[in-house]
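Student: Sequence isn't available, so here's the structure alone:
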């Protein structure tokens, strides 16, 4: 039965918000960079403004920030200026604003009364006094005022005073510190210049700007969950959506909402594009509020429509870059409209594809007003010619008109004199009327003044009466409030008692559930350990059970049995090294990816070649042979597979596994290769290379060479990427041939029997692998050797990555190795048993290896195994550089080495005379200190140059820098600790002890030194003043059976509040201030080192019992255990605390994640499937199924399992109501 997506995945368009804020609409809130910026600025008490286009998430950001501020104890209030209207008077507007703030903050003051009592002050004075005398007096916490929709005030004529008053509150901080607790966040569609428009006033130039950017793909990813599609398809559909919207918050959610509504049967980029055009480019676009806003901003609300549209047209065309200018009114308006955005290179671009399609050049032309100046300039020539012609034709009539004009002027003079007399008479009459009206107006004003005085007297009397009534009412209100408060207190006490009883019951229930989870987690951990011991196909089950065990333990308040946790950790950390495991019944000799990387073919001595799914590790097909299979190769288009077995090459159909053809040799065939275009096949045998037609199987050419038989000398053959050359190898020689003519081009002498050849994709380089334990890189044009890469055993296989930057090699020294082709440096070491072949995936992200242990394995080329493996004999100490980019190790081989923390590449070698016991970076990373014999050496980590030698009279145990790097303190068996100047190497102070000083540490504030010596239980740990060396306190170990104690490490916590010291198998933690013992940590072997995490929450310890352990610094509970094959000598946290480096006697330094979550994510990334429903029920019983690894799909049969649960629930519901139904039936029968 075919299952549709809708039957499994539920679409949910309610998570998309296309109007109002996200929280009010119940939508999904997506965090952006602006969230962290705004929260941080509010915490700092900064004034902030968020000025951006509509529907980009300003109000949602405000609501989210207010919630987060409340969580950290910062009070806030919100003013929505849109609700104030534009018809209110200034006094009504300001008073309403303060009332809203008082209500939001629940202030006790009667704001209206307070306002009226101070009507002798100006409006803005009253507002500023309110914040100081009322708000900050009643609220002790920090307060943030959010002012939303500030653009609605731009039409009012008094809001300049409002923003000037806010500015004055900011400036008052310099004289009145109380105002540091008050800050404002202004939000709206405006520019800073809009806030204070009066040019005579100081502009609004305070505060920090927070920009709201469009969603990135990572930020928008949660929106994919609402599409109701499988994860991969949902994410692809979301990428198609973002290609249209550019991440614009409203457009993205509007398009997602439309897709959920339409639910197309088939999903493709074209389908998403058609939906986008329907809602944004079709008739529906006229109803879209966002598009209407942009239209209005570009036309009706533009400061200069012609300049705005002309500038936008330049940006739209994109022929030349248009630079952003903050002072440009036009460009600022375009950004505020939202139609363009500022790029990182400070140029302006159209914001997204939708805007570019809606507001295109046709739309610009239709809305662009006529520029009359430009039009007149264009018509100037025509106008001038017309005027010239008019002047010539009219000149003939001038004389006649002049005579007529003289006669007319005489008549006009007479008329003018008559009109002047008439006007003088009318003016006299008008002046008399004005004087009469003014006398009447004066009488009216006198009457009005007398009436106003009488009204004022009456109002004053009424005010006094009202004031007396208000005082009486207030007294009565206080009495009623006291009664209500007493009743409320009694009710609150009863409610509190009820709450405590309910909480106790809930706690008991929760504890019972936790105990059940702990029991299940222990059971799963034990089963994971058992599966791990079985190995093979049980390893994925082991890791899934271990991961589920840790999931069950997450959030548990009780301490979990340490051994059970260890079993889970051991299971999944062991499997974390590999991506997949492909099992044969005998040694695997060859492995090959198909061209698109989806399949892997393997060749084995078990007489089979097998085809596997590269993602899941599932076997797809088995190709049976009569003899062992020596080689396997895909054709370039992936349709065919060629295998070499005995004296025969077989061609197979890669889809069906059907035999297609047989190519017969006269001898054993160890190698086969397709040409890059798939038209030819090259096969290698003893002394010959045959070329075949891949379609017909016809022989095309025979290439003869001198075959040197050797145990490691089986012939190999390979085409160059362009198909023009063929390389084959035998004995210690590689031949290059012309693929068309068969002419020999060059011979490359390796010196040992060549076992494998690989040609780079560009054909410029060839790599050869040999029995002389080396891989060599050659220039194919000149035959010159470019690099030599060393193994510890015969090299059996070599492969160049698709981009030519890396070489993978496989050797009988039980390793596969990854190398940099440019430098020849080893990048990663992949431990394996007898590696026979190695191959890159087409994208270079994975390596497949074939092994004598009957397996083929997949590896991640970026991480290798674990995070890195640094080979160094007998490592005593390890230290991260302050920036985490480098690691320094100290070793028994009389060297200290500097490594790249990401790649594991060795950067520098620091030679000493004796074994190096300790190594440490200075706080700024500019120096390295190493301890060797009786000497401490200071080095420059950049150059490896020796800077100074600091001499003791006995063996030096440790060397630690002060927090500022200016001093270094060293400890020695000569019973002293010494303080040195790191710049000059001069000894500053000598601190004497009764025994050897084993450990020393500076306090984080550089004021104290803690030292540990190896004698007397009464006080082996001394706290001293870092400047004078004066003893301040002694700390003792609480051990009862020893007369003396050997302390080998001591350390302050990062905040200086705790001291930890190790002795024998224990670590003790004290409170620095009181000296009180806080915790005791126990290993199974001697403890060699300890380290606090950067945040002080965890302690890492290294022990001779072969483990490094992570502990909770407060409770002493063991959190994790990291296992080595030898004693662990040193341990160090990375600067961010996410990783830990451990150095062991097994000759390795290992870098691993410190958090369970990171380890689980890493483990899940390397698995291919979750537990099946059957496995889940077998191990977890009735616990509802869930995906242990969220990144992996649900297993086959999950839908049937869900239906079973639903039917079971319905059956139980029927059972519950059956007695009631039977009773009703009996009653009905009785009545009938």
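Tutor: Happy to help now that I have it. Since this is a predicted model, take the numbers as computed values, not measurements.

Student: beta partners for residue 859?
Tutor: residue 847 (DSSP bridges).

Student: ok, how many other residues are close to it?
Tutor: Residues lying near residue 859 (other CB atoms under 10 Å) number 24. For the C-beta atoms, the positions are set from N, CA and C on the backbone; glycine is no exception.

Student: How about residue 484?
Tutor: The criterion is other CB under 10 Å. On that basis, residue 484 has 10 neighbouring residues.

Student: Double-check that it belongs to a helix.
Tutor: Yes: assessed by DSSP: H, G, I helix; E, B strand; the rest coil, residue 484 belongs to a helix.

Student: which stretches of the stretch 1001-1150 of the chain form strands?
Tutor: Using DSSP state E, counting those that start in this stretch, the strands of the stretch 1001-1150 of the chain run over 1008-1013, 1021-1025, 1031-1035, 1047-1052, 1058-1063, 1066-1071, 1077-1082, 1087-1092, 1098-1103, 1107-1112, 1118-1123, 1128-1133, 1139-1144, 1148-1153.

Student: Show me the strands in the stretch 551-700 of the chain, by range?
Tutor: Per DSSP E, counting those that start in this stretch, the stretch 551-700 of the chain carries strands over the ranges 580-583, 588-593, 599-604, 608-613, 619-624, 629-634, 640-645, 648-653, 659-664, 671-674, 680-685, 688-693, 699-704.

Student: May I see these organised as JSON lines, with mean pLDDT and distance to residue 1059 added?
Tutor: Formatted as JSON lines, the strands of the stretch 551-700 of the chain follow (pLDDT from 0 to 100; distance: least, CB to CB, whole Å):
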{"stretch": "strand 580-583", "mean pLDDT": "54", "distance to residue 1059": "47"}
{"stretch": "strand 588-593", "mean pLDDT": "70", "distance to residue 1059": "55"}
{"stretch": "strand 599-604", "mean pLDDT": "81", "distance to residue 1059": "55"}
{"stretch": "strand 608-613", "mean pLDDT": "85", "distance to residue 1059": "55"}
{"stretch": "strand 619-624", "mean pLDDT": "88", "distance to residue 1059": "58"}
{"stretch": "strand 629-634", "mean pLDDT": "84", "distance to residue 1059": "62"}
{"stretch": "strand 640-645", "mean pLDDT": "90", "distance to residue 1059": "66"}
{"stretch": "strand 648-653", "mean pLDDT": "90", "distance to residue 1059": "69"}
{"stretch": "strand 659-664", "mean pLDDT": "86", "distance to residue 1059": "75"}
{"stretch": "strand 671-674", "mean pLDDT": "81", "distance to residue 1059": "66"}
{"stretch": "strand 680-685", "mean pLDDT": "82", "distance to residue 1059": "69"}
{"stretch": "strand 688-693", "mean pLDDT": "82", "distance to residue 1059": "73"}
{"stretch": "strand 699-704", "mean pLDDT": "77", "distance to residue 1059": "76"}
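
Student: any chance of those in JSON lines, plus distance to residue 214 and mean neighbour count?
Tutor: Below are those laid out as JSON lines (distance: least, CB to CB, whole Å; neighbours: other CB atoms under 10 Å):
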{"stretch": "strand 580-583", "distance to residue 214": "38", "mean neighbour count": "20"}
{"stretch": "strand 588-593", "distance to residue 214": "38", "mean neighbour count": "26"}
{"stretch": "strand 599-604", "distance to residue 214": "39", "mean neighbour count": "26"}
{"stretch": "strand 608-613", "distance to residue 214": "38", "mean neighbour count": "22"}
{"stretch": "strand 619-624", "distance to residue 214": "43", "mean neighbour count": "16"}
{"stretch": "strand 629-634", "distance to residue 214": "43", "mean neighbour count": "24"}
{"stretch": "strand 640-645", "distance to residue 214": "47", "mean neighbour count": "26"}
{"stretch": "strand 648-653", "distance to residue 214": "49", "mean neighbour count": "20"}
{"stretch": "strand 659-664", "distance to residue 214": "53", "mean neighbour count": "15"}
{"stretch": "strand 671-674", "distance to residue 214": "47", "mean neighbour count": "24"}
{"stretch": "strand 680-685", "distance to residue 214": "52", "mean neighbour count": "25"}
{"stretch": "strand 688-693", "distance to residue 214": "56", "mean neighbour count": "20"}
{"stretch": "strand 699-704", "distance to residue 214": "58", "mean neighbour count": "14"}
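
Student: if we compare the ones you listed, which one ends up closest to residue 238?
Tutor: Taking CB to CB as the criterion, strand 608-613 is the member of the strands of the stretch 551-700 of the chain that comes nearest to residue 238, at 26.3 Å.

Student: mind listing what the closest one pairs with, with the direction of each?
Tutor: In the sheet, strand 608-613 lines up with strand 599-604 (antiparallel), strand 619-624 (antiparallel) (DSSP bridges).

Student: Out of these, which is closest to residue 1142?
Tutor: Residue 1142 lies closest, by CB to CB, to one member of the strands paired with strand 608-613: strand 599-604, at 33.8 Å.

Student: so where's the stretch 651-800 of the chain shaky on pLDDT?
Tutor: 705-721, 728-732, 734, 748-755 (pLDDT under 70).

Student: Check which helices and strands the host helix or strand of residue 1177 sits against.
Tutor: Per DSSP states H and E, residue 1177 falls inside helix 1173-1180. If you count contacts as 3 or more CB pairs under 8 Å, 6 or more residues apart in numbering; DSSP states H and E, helix 1173-1180 packs onto helix 398-534, helix 539-553, helix 1198-1231.

Student: Pick out the shakiest of the ones you listed, pLDDT-wise.
Tutor: Of all these, the minimum mean pLDDT falls on helix 1198-1231 (a mean of 64).

Student: Who are the contact partners of the closest residue to residue 1078 other than its chain neighbours?
Tutor: In space, residue 1078 comes closest to residue 1069 once its chain neighbours are excluded; the distance is 4.5 Å by CB to CB, 6 or more residues apart in numbering. Contacts here follow CB atoms under 8 Å, 6 or more residues apart in numbering; on that basis residue 1069 touches 1058-1060, 1077-1081, 1099, 1113, 1116.

Student: Could you give the bridge partners of residue 1069?
Tutor: Residues in a beta bridge with residue 1069, per DSSP bridges, are residue 1060, residue 1079.

Student: and residue 543, how many neighbours does it have?
Tutor: If you count neighbours by other CB under 10 Å, residue 543 ends up with 27.

Student: Is it possible to get a markdown table of the strands of the stretch 1001-1150 of the chain that adds mean pLDDT?
Tutor: Output for those, formatted as a markdown table (pLDDT from 0 to 100):
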| stretch | mean pLDDT |
| --- | --- |
| strand 1008-1013 | 72 |
| strand 1021-1025 | 73 |
| strand 1031-1035 | 70 |
| strand 1047-1052 | 67 |
| strand 1058-1063 | 74 |
| strand 1066-1071 | 79 |
| strand 1077-1082 | 80 |
| strand 1087-1092 | 80 |
| strand 1098-1103 | 87 |
| strand 1107-1112 | 86 |
| strand 1118-1123 | 79 |
| strand 1128-1133 | 76 |
| strand 1139-1144 | 74 |
| strand 1148-1153 | 67 |
